[in-house]
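Trainee: Sequence below, structure please.
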Amino acid sequence: MGRVLDLRTLAEHDGLSVTDVVCHHRAGRGSDKPVDVLGIVFVRRGRYVRCANGRETLLDPTLAYAMTPGQEQRCDHLDDAGDACTMLRMTAPVAAELWGDSDLPIAAWPTHGTIDLRHRLLLAAAARGEETDEATVTLAATALEQVDRARVASGRPATERARRAIADGARMLLADEPCNSLAQLARALSVSPHHLSRVFSEQTGSTVSTHRRRIRVARCSIALSTARPTSPAWPPTSASPTTATSPAPSAARPARPRRACASC
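Mentor: Here you go, the predicted structure:
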């Protein structure tokens with residue numbers, strides 16, 4: 001048998017990455033292997049039985065599960081069609097921000113339509129090369145809420161005044177520098193990225209990513225409207241035969257905006 005697993009990183013953020021995992025294993029019992037990554041796995045295609053922590057779980061696209069270093073797992077495949085998954089790999093500090101500690105849930109858990117939609121939208125955005133930091137954090141938090149909503153909500157700013165201050169602080173930081181990532185904003189405001197994302201959306205009606213794009217578009221519009229036109233001098237300083245018969249120059253074109261329209 002050739003290569004069994006194909007792993008491809010689709011996006012990377014501060015301590016969190018999105019990995020496409022395609023397995024070509026034929027039907028049959030897998031091998032017992034130690035887990036060396038921390039993350040959440042979403043099954044996109046296929047079905048298999050995962051044996052870990054003394055549990056056997058039939059996995060399909062309606063379930064998600066967590067992987068924690070130190071586990072021993074085996075995946076038994078039920079047919080030759082293979083399977084495909086998306087893995088959100090994370091560092092221990094990121095897991096602690098989402099879940100309270102780095103020991104993610106042991107048992108697999110069911111997903112729902114909102115999680116499935118966010119999963120697909122994340123993959124589509126990554127394929128287009130768009131920003132996915134907020135979408136990745138939101139998917140992880142929404143999935144873990146299925147296991148323990150109160151645990152994921154722990155640490156959320158308790159008062160309306162505190163939540164408004166966080167949203168206003170993020171808006172001010174983005175106005176100064178729209179290239180700030182979700183994690184950078186969260187660190188500056190002393191809040192976890194997933195709480196910042198939720199609070200910002202509740203207070204403004206917009207995601208951080210959408211607000212960031214609007215700031216960039218506004219800057220670009222200003223740069224376009226204030227750019228000085230550039231064109232050859234007219235009339236020419238010397239009336240050579242060549243220049244004397246040259247047609248009038250076309251309408252002046254605005255200069256290319258410099259940094260204002262540049263992507264971060």
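
Trainee: low-confidence ranges in the stretch 151-264 of the chain?
Mentor: Judged against pLDDT under 70, the low-scoring parts of the stretch 151-264 of the chain cover residues 227-264.

Trainee: hey, where'd the strands end up in it?
Mentor: Using DSSP state E, counting those that start in this stretch, the strands assigned to the stretch 151-264 of the chain run over residues 229-230, 253-254.

Trainee: just the stretch 1-150 of the chain next, same as before
Mentor: Secondary structure of the stretch 1-150 of the chain by DSSP E, counting those that start in this stretch: the strands cover 5-13, 16-23, 33-34, 39-45, 48-52, 55-59, 63-67, 72-77, 83-90, 109-110.

Trainee: for the fifth one, what is the average pLDDT?
Mentor: Which is strand 48-52. When pLDDT is averaged along strand 48-52, the result is 95.

Trainee: What strands line up against it, and which way round?
Mentor: Each strand that pairs with strand 48-52, with its direction, by DSSP bridges: strand 55-59 (antiparallel), strand 72-77 (antiparallel).

Trainee: Looking at the ones you listed, which one is packed in the most?
Mentor: Per residue and on average, the most neighbours among the strands paired with strand 48-52 fall to strand 72-77, with a mean of 16 (mean count of other CB atoms under 10 Å). C-beta coordinates here come from the backbone N, C-alpha and C atoms, glycine included.

Trainee: Can I get that one in PDB, CA atoms only?
Mentor: Provided in PDB are the C-alpha atoms of strand 72-77 (Å, rounded to 0.1, in the frame of the first residue of the first chain):
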ATOM      1  CA  GLU A  72      -3.700   5.800  22.100                       C
ATOM      2  CA  GLN A  73      -6.000   5.400  19.100                       C
ATOM      3  CA  ARG A  74      -6.800   3.100  16.300                       C
ATOM      4  CA  CYS A  75      -9.100   3.700  13.300                       C
ATOM      5  CA  ASP A  76     -10.800   0.700  11.700                       C
ATOM      6  CA  HIS A  77     -12.200   1.400   8.200                       C
END
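
Trainee: From what I see, residue 93 and residue 16 are in contact.
Mentor: No: contact status for residue 93 versus residue 16: not in contact, 10.2 Å apart, counting by CB atoms under 8 Å.

Trainee: So these two - more neighbours on which side?
Mentor: Higher neighbour count among residue 93 and residue 16: residue 16, with 24 against 11, using other CB atoms under 10 Å.

Trainee: what sits against that one?
Mentor: Taking CB atoms under 8 Å, 6 or more residues apart in numbering as the criterion, residue 16 is in contact with 88, 89, 90, 91, 94, 133, 136, 137, 140.

Trainee: Now do the same contact list for the closest residue in space to residue 70 that isn't next to it in sequence.
Mentor: Excluding its sequence neighbours, the residue lying closest to residue 70 (CB to CB, 6 or more residues apart in numbering) is residue 35, at 6.8 Å. Shown in contact with residue 35 (CB under 8 Å, 6+ apart): 52, 67, 68, 69, 70, 71, 72, 73.

Trainee: what's the farthest-apart pair in those residues?
Mentor: Spanning the widest gap among the contacts of residue 35 are 52 and 69, at 12.3 Å by CB to CB.
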